[in-house]
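Asker: coordinates only, sequence not included:
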């Protein structure tokens, strides 16, 4: 079965790409993912705060709001608790490139349009095949206009694209007032790929101790529907590649996101729960399904269930909303 895929110009042997996670913190972890069949690996994120710390500017960012960053698992840990500092991160890229034969995609997590963006050039020089920008700003200022926030995303992308030649992906939030418009503007700005969607870790409340308790709740397959819907809506309307993430746990999940129009399916929670070898199980399941259904290649499936390809395209929009509710019968009075 031909499982090859092309993602922002990178030729991949299949569409399965582990997303940024602790699994890529070590060289051994990356090699295990490659051995299991990963077509590329997105490294764990280097945070804006880490770069700012080296520049003696950390105090500014500490005032930005402790829950602003998507992959932060606690409220600003001490500097020596971070995974890797900036220089160690660059060495990690070099080591991963030397030890593997798959594309290595670095990840930068930040929100301001400042010096951390310049680090993207060093990432390119270290040998990364591409860069994923994990931008997320928690808009709590009631005086800040939504357009100002959207322009900040565009400005960051523009600054990075102007300084490096490797492909750049933007990992998007699902919380824009117009996802379609934001996607188009980033596409016009030169984004090589859009990753839908970032899954943000929300704090909980401990009522016994009256404390805020940050923590991680891993995704399930039920959460696939949000990226599935928007990838299906955007397929064929952008120059940028599309990656589906959040809720990709099984072979069928990965096949669905490809059928919606994605070029790659990014996995995280399922690999954290089951280990790197589980990726091979998913890949084998995809191949078996395609063979049983007599597909000649994965490309035949890709985009076949996007809005532009199905007869009842309104099911992806509001026209199906009332029907879905009226057809629901699984309830108890």
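Answerer: That came in fine, so what should we check first? As the structure is a computational prediction, the values presented were derived from the model and not from experiment.
Asker: Tell me how many other residues surround residue 194.
Answerer: Residue 194 has 25 neighbours, counted by other CB atoms under 10 Å. No exception for glycine: its C-beta is placed from N, CA and C like everyone else's.
Asker: So what's the residue count around residue 137?
Answerer: Using other CB under 10 Å, residue 137 has 18 other residues around it.
Asker: try residue 311
Answerer: Using other CB under 10 Å, residue 311 has 6 other residues around it.
Asker: So it belongs to a helix, correct?
Answerer: No: Residue 311: not assigned to a helix; according to DSSP: H, G, I helix; E, B strand; the rest coil it is coil.
Asker: can you offset everything so residue one is 221?
Answerer: Let's use 221 as the start, then, which means that last one is residue 531.
Asker: quick one, strands of this protein?
Answerer: Taking DSSP state E to define them, one finds strands in the chain at 225-227, 230-232, 236-238, 261-262, 266-267, 324-330, 350-355, 388-392, 413-416, 424-426, 431-433, 461-464, 484-487.
Asker: Let me have these in a markdown table, extended by distance to residue 252 and mean pLDDT.
Answerer: Below are these laid out as a markdown table (distance: least, CB to CB, whole Å; pLDDT from 0 to 100):
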| stretch | distance to residue 252 | mean pLDDT |
| --- | --- | --- |
| strand 225-227 | 21 | 98 |
| strand 230-232 | 18 | 98 |
| strand 236-238 | 10 | 98 |
| strand 261-262 | 10 | 98 |
| strand 266-267 | 21 | 88 |
| strand 324-330 | 14 | 93 |
| strand 350-355 | 21 | 94 |
| strand 388-392 | 23 | 97 |
| strand 413-416 | 23 | 98 |
| strand 424-426 | 32 | 90 |
| strand 431-433 | 31 | 90 |
| strand 461-464 | 21 | 98 |
| strand 484-487 | 14 | 98 |
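Asker: can you list those strands in a markdown table and add distance to residue 377?
Answerer: Supplementary listing: those in a markdown table, determined by distance: least, CB to CB, whole Å:
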| stretch | distance to residue 377 |
| --- | --- |
| strand 225-227 | 18 |
| strand 230-232 | 19 |
| strand 236-238 | 20 |
| strand 261-262 | 17 |
| strand 266-267 | 17 |
| strand 324-330 | 11 |
| strand 350-355 | 7 |
| strand 388-392 | 6 |
| strand 413-416 | 11 |
| strand 424-426 | 32 |
| strand 431-433 | 32 |
| strand 461-464 | 15 |
| strand 484-487 | 19 |
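Asker: out of those, nearest to residue 522?
Answerer: Minimum separation from residue 522 across the strands of the chain (CB to CB) falls at strand 225-227, 7.8 Å.
Asker: in its sheet, what does the closest one sit against?
Answerer: strand 230-232 (antiparallel) (DSSP bridges).
Asker: which of the residues in the partner strand are buried?
Answerer: By 16 or more other CB atoms under 10 Å, the buried positions in strand 230-232 come out as 230, 232.
Asker: now that strand, how far from the centre of its chain.
Answerer: Relative to the centre of its chain, strand 230-232 is centred 17 Å away, using CA atoms, centre = their mean, to the nearest Å.
Asker: ok, and what's touching it?
Answerer: 224, 225, 226, 259, 260, 323, 349, 350, 387, 484 (CB atoms under 8 Å, 6 or more residues apart in numbering).
Asker: Output those residues in TSV, with neighbour count and distance to residue 248 appended to each entry.
Answerer: Shown next, in TSV, are the contacts of strand 230-232 (neighbours: other CB atoms under 10 Å; distance: CB to CB, whole Å):
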residue	neighbour count	distance to residue 248
224	14	27
225	24	26
226	13	29
259	25	19
260	25	18
323	22	19
349	19	20
350	24	22
387	23	27
484	31	23
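Asker: winner for burial among the strands of the chain?
Answerer: The highest mean neighbour count among the strands of the chain, using mean count of other CB atoms under 10 Å, belongs to strand 484-487: a mean of 29.
Asker: give me the beta-bridge partners of the closest residue to residue 461 other than its chain neighbours?
Answerer: Spatial nearest neighbour of residue 461, chain neighbours left out: residue 413 (4.0 Å); criterion: CB to CB, 6 or more residues apart in numbering. With DSSP bridges as the criterion, residue 413 is bridged to residue 389, residue 461.
Asker: Just confirm residue 413 contacts residue 229, I think it does.
Answerer: No: the pair residue 413 / residue 229 is not scored as a contact, 9.2 Å apart, by CB atoms under 8 Å.
Asker: Now the common contact residues for the two.
Answerer: When contacts are counted by CB under 8 Å, 6+ apart, residue 413 and residue 229 have residue 387 as shared neighbours.
Asker: So, low pLDDT: which residues of this structure?
Answerer: Low-confidence segments of the chain (pLDDT under 70): 272-304, 334-335, 538-546, 548-553.
Asker: Just give me the longest helix of it.
Answerer: helix 366-383 (DSSP state H).
Asker: Do I have it right that residue 525 meets residue 477?
Answerer: No: assessed by CB under 8 Å, residue 525 is found out of contact with residue 477, at 9.9 Å.
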